[in-house]
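S.K.: quick check, what structure comes out for this input:
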Amino acid sequence: MKIFITRIIPDRGLDLVKEHFPTCDIWSAEMPPAREELLQHVRGMDGLLCLLTEKIDAELMDAAGSQLKVISSMSVGMDHIDVAAATARGIPVGNTPGVLTDATADMAIALLFASARRVVEGEKYVRSGNWKTWNPKLLLGADFVGATLGIVGFGRIGQAVAKRAQGFDMRVIYHDPSAQSAYGAQAVDLNILLRESDFVSIHVPLTEKTRHLVNADFLAKMKLNSILVNTSRGGVVDQVALYDVLKSKKIFAAALDVTDPEPLPTDNPLFELENCLIVPHLGSASQHTRDMMSLLAAENLIAGLNGERLPNCVNPEVYD
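M.R.: Numbering: from 1, shown residues only. Predicted coordinates:
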């Protein structure tokens, strides 16, 4: 069996793949393969293990050849893979759900806290030598107790964020027509959520319907002192519109774990703003979580190559 792994993944998963397929081809550079390199490396492969940094479309599947048996992604989101194209070719596609729920929810809460209490601004203030004395009006932020948290998208991660918010006596409301209430959260219309929330946390997948869901109209409906947190996908947020409302202080702050593109160019105007916190897609970046993601990705790959049903398959209709 010929296998291409598009990057060095954590040892937990990589060792398992090598145990079953010792001669797999691994892209060892720090940066992901360029498109032409990727198209070249997939030729003749039976299995592909990729990350969210690779675009896996019909062209690439055809370049690989009709013998391609499985595509396994070390991610939950599938916006980098043309799943419909894979299904049309009878190729099962695997992902790594569940194991990153807690880590991503923790990151959402961490970003919410950091923005509300201006932690990064404070750290920069100290390092720059501006801290001369205790000041009762210095870097005042927002409180959590009694505040309203609005969650857009109430799947596993959204619910995990709601669970954590209980510990801070926050009122939690959510908008997700397909979800059931949990952890005392109340389902509301999106307009009501934006009007009443002190904090808005985004937890939707990136689809054609959700691209730029957070646009100028969305942001205009948020409260003046509210905070936006996005740990889903960068394309969900219209970053030009976000810059405008942050620059004019029509919302208090925003914290982004994801951007469009990634990485965000350093000349992007969002970096000019003290009230915009940007981190490099760290939602699942705990040692245990990334180990488990690599393990699930390896298990999906191995199952597909052995002609078995993938443990986590996003297009199970290929088995019908």
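S.K.: only C-alpha atoms from now on, for both contacts and neighbour counts.
M.R.: Will do.
S.K.: and this structure, what are its domain boundaries?
M.R.: Following automatic domain parsing, one finds the domains of the chain at 3-99+287-319, 101-278.
S.K.: mind putting these into CSV with mean pLDDT and mean neighbour count?
M.R.: Converted to CSV, the domains of the chain look like this (pLDDT from 0 to 100; neighbours: other Cα atoms under 10 Å):
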stretch, mean pLDDT, mean neighbour count
domain 3-99+287-319, 97, 19
domain 101-278, 97, 18
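S.K.: the stretch 151-300 of the chain: strands as residue ranges?
M.R.: In the stretch 151-300 of the chain, strands defined by DSSP state E, counting those that start in this stretch lie at 171-175, 186-187, 199-202, 227-230, 253-256, 276-278, listed in chain order.
S.K.: reformat the ones you listed as CSV; add distance to residue 124.
M.R.: Shown next, in CSV, are the strands of the stretch 151-300 of the chain (distance: least, Cα to Cα, whole Å):
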stretch, distance to residue 124
strand 171-175, 32
strand 186-187, 38
strand 199-202, 24
strand 227-230, 20
strand 253-256, 16
strand 276-278, 12
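S.K.: nearest to residue 97, out of those?
M.R.: strand 199-202 (17.5 Å; Cα to Cα).
S.K.: okay, helices next: where are they in the stretch 101-250 of the chain?
M.R.: Remark: helices assigned in the stretch 101-250 of the chain by DSSP state H, counting those that start in this stretch are 101-116, 119-127, 156-166, 190-196, 216-220, 239-247.
S.K.: end to end on stretch 23-34, go ahead and measure it.
M.R.: One end of stretch 23-34 to the other measures 22 Å (Cα to Cα, to the nearest Å).
S.K.: off-centre distance for it?
M.R.: 22 Å (Cα atoms, centre = their mean, to the nearest Å).
S.K.: cool, stretch 206-225 as well?
M.R.: Centroid displacement of stretch 206-225 relative to its chain, using Cα atoms, centre = their mean, is 17 Å.
S.K.: report the contact partners of residue 210.
M.R.: 204, 236 (Cα atoms under 8 Å, 6 or more residues apart in numbering).
S.K.: go again using 10 Å as the cut-off
M.R.: For residue 210, the contacting residues are 204, 233, 235-237, by Cα atoms under 10 Å, 6 or more residues apart in numbering.
S.K.: hang on, the earlier thing: and the strands of the stretch 151-300 of the chain: which comes nearest residue 31?
M.R.: strand 276-278 (20.4 Å).
S.K.: strand partners (parallel or antiparallel) of the closest one?
M.R.: As defined by DSSP bridges, the strand partners of strand 276-278 come to strand 253-256 (parallel).
S.K.: who touches the partner strand?
M.R.: 108, 110-116, 118, 199-202, 224-234, 237, 242-243, 245-247, 270, 273-281.
S.K.: please report the distance of the closest residue to residue 46 other than its chain neighbours from residue 84.
M.R.: Spatial nearest neighbour of residue 46, excluding adjacent residues (Cα to Cα, 6 or more residues apart in numbering): residue 68 at 4.3 Å. Counting by Cα to Cα, the gap from residue 68 to residue 84 is 15 Å.
S.K.: thanks again, I'm all set now.
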